[in-house]
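Enquirer: sequence plus predicted model, see below.
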Amino acid sequence: MGALLDQKYAKLFFLLDANGDGVIAEDDFALMADRVTAAFGEERTAKGRTYAAEMTNYWRALRETADADGDGRIDQDEFRRAVSRVSDKFDTLIGPLYLAGFRLADRDDDGLVGRDDFVTVLVAIGVPAAEAEAT
């Protein structure tokens, strides 16, 4: 892998390791879903439930692809080796997660996500505020 791709995968791993324990596990996806839905006040709404369900779907596919030793946790090496295989399933796996996130951030259901809502999502998933603002 190239250095830039390694850097991107390392950053993604860091974001997905929501509790910071050095591995990605199901609880990280639940924690991230909770943070994002809470940031929008959507914890108990259909939008929030859909987002949480898509986070669970993404976790299951990632675990199925990346958890080489079957321990229910994905370390950085496992993640690096497998992430491109999960990304190949964009239309059926990642696309629905992004769409659920978009709908969650589209507070007024007008088909647009404003800058503030976009920044809110990024911060909720763990992007530092200054970096989220710059994005």
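Expert: Alright, I've got the coordinates.
Enquirer: immediately after the helix of greatest length in the chain, which helix or strand?
Expert: Using DSSP state H, we find that the single longest helix of the chain is helix 46-66. Using DSSP states H and E, the helix or strand that follows helix 46-66 in sequence is strand 73-74.
Enquirer: next SSE downstream of the host helix or strand of residue 83?
Expert: Per DSSP H and E, residue 83 falls inside helix 76-87. Downstream of helix 76-87, the first helix or strand assigned by DSSP H and E is helix 95-105.
Enquirer: quick one: mean pLDDT for that following helix?
Expert: For helix 95-105, the mean pLDDT works out to 86.
Enquirer: again with stretch 65-85
Expert: 88.
Enquirer: can you give me phi and psi for residue 37?
Expert: Backbone geometry at residue 37, expressed as degrees, to the nearest 10, gives phi -70, psi -40.
Enquirer: what of residue 20?
Expert: Given degrees, to the nearest 10, the pair of backbone angles that residue 20 has is phi 70, psi 20.
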